[in-house]
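>>> Turn this into a structure:
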Amino acid sequence: MHLDHTPGNGGPSAHPTRPEPAAPGTRALRIGVGGPVGSGKTALVAALCRVLAERFSLAVVTNDIYTTEDADFLRAAGVLAADRIAAVQTGCCPHTAVRDDISGNLDAVEDLEAAHPDLDLVLIESGGDNLTMTFSRGLADVQMFVIDVSGGDKVPRKGGPGVSRSDLLVINKTDIAPQIGADLAVMDRDAARMRPGTPVAFLSLRETPDADVVAAWVLDQIAAWRAGTPVPAARPATVGG
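Numbers count the residues shown, from 1 in each chain. From the prediction side, this is the model:
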């Protein structure tokens, strides 16, 4: 069964009331994976599923405006069983559905949790309006923001909530930096200035297809959640690089 949801029609099931936010460790950890279209979010989610699925019970919710393209990609790639991947068709900019009116995404997450009571981790992937995209803390317990080098090395210093407030900033596609003329040292410096004391991960899925640096961060979040520690856990200013 494919769990596909369109806000407004209630999806496979409706949830008229919402419980209070769960305490750490009492349900699956929910991690938001956000960023601009084309930054490599879905490929990163696929890599994380491949790496973590043998150790943990996983599910994924994707957000697209009019299609189920990202969910279809994950299903076709076989990174998880099809019934562990839900698609939300937002009908508007997806950041609205993960930040402002999160009901469609909560329906999708809660349906996955009901179908798979053993879930350890739910990844919620969504694009949005460039650097302004963030997740509601009512939906995601912790969130990463994915940018890539194709926009040039100025992107981190442009700031915005995605860059400055996410729990992990991922600077993706570092292998093409020489072709783009992007200076990774400049991106590292500016990212550290915009988000002091919070982690930054440099990533190339071509060079490290297991996304090791991001997977290590996710493992830390799972461990903290299971221990009943509020997330995000304390981390050094820069991860990888």
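>>> where does this protein have low pLDDT?
By pLDDT under 70, the weakly predicted segments of the chain are 1-25, 129, 231-241.
>>> Spell out for me which residue occupies the centre of it.
Within the chain, one residue has its C-alpha closest to the average C-alpha position: by C-alpha atoms, centre = their mean, that is Val33, at 1.2 Å.
>>> so how far is Val45 from that one?
Going from Val33 to Val45 by C-beta to C-beta, to the nearest Å gives 6 Å. C-beta: built from backbone N, CA, C; applies to glycine.
>>> so how far is the longest helix seen in the chain off the chain centroid?
Secondary structure of the chain per DSSP state H: the longest helix is helix 212-226. The gap between the average C-alpha position of helix 212-226 and the chain average comes to 13 Å, counting by C-alpha atoms, centre = their mean, to the nearest Å.
>>> Tell me which other helices or strands that helix touches.
Where contact means 3 or more C-beta pairs under 8 Å, 6 or more residues apart in numbering; DSSP states H and E, helix 212-226 is packed against strand 29-34, helix 41-52, strand 142-148, strand 168-172, strand 200-202.
>>> what's downstream of the fourth one, the next helix or strand?
To tie it back to what came earlier, the one meant is strand 168-172. Scanning forward in sequence from strand 168-172, with DSSP states H and E defining helices and strands, the next element found is helix 177-180.
>>> what's the closest of the helices and strands packed on helix 212-226 to Ile222?
Each of the helices and strands packed on helix 212-226 was scored for nearness to Ile222 using C-beta to C-beta, and the closest is strand 29-34 (5.8 Å).
>>> helices and strands around the closest one, which ones?
Contacting strand 29-34 under the criterion 3+ C-beta pairs under 8 Å, 6+ apart are the following elements: helix 41-52, helix 94-99, strand 121-126, strand 142-148, helix 212-226.
>>> got the ones you listed as a markdown table, with mean neighbour count columns?
Shown next, in a markdown table, are the helices and strands packed on strand 29-34 (neighbours: other C-beta atoms under 10 Å):
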| stretch | mean neighbour count |
| --- | --- |
| helix 41-52 | 22 |
| helix 94-99 | 24 |
| strand 121-126 | 26 |
| strand 142-148 | 26 |
| helix 212-226 | 19 |
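>>> and the residue nearest to Ala211 when sequence neighbours are not counted, what does it touch?
Residue nearest to Ala211 in three dimensions, not counting chain neighbours: Ala47, with 4.1 Å by C-beta to C-beta, 6 or more residues apart in numbering. In this structure, Ala47 makes contact with Leu205, Pro209, Asp210, Ala211, Val214, Ala215, judged by C-beta atoms under 8 Å, 6 or more residues apart in numbering.
>>> any idea how far the fourth one lies from Arg195?
To tie it back to what came earlier, the one meant is Ala211. With distances taken as C-beta to C-beta, Ala211 is found 20 Å from Arg195.
>>> what about Pro117, neighbour count?
Using other C-beta atoms under 10 Å, the number of residues around Pro117 comes to 9.
>>> Phi first, then psi, for it.
phi -60, psi -20 (degrees, to the nearest 10).
>>> Distance of it relative to Ala59?
When distances are taken as C-beta to C-beta, Pro117 and Ala59 turn out to be 11 Å apart.
>>> Ok, Arg195 next?
To Ala59, Arg195 is 28 Å away according to C-beta to C-beta.
>>> No further questions, thank you.
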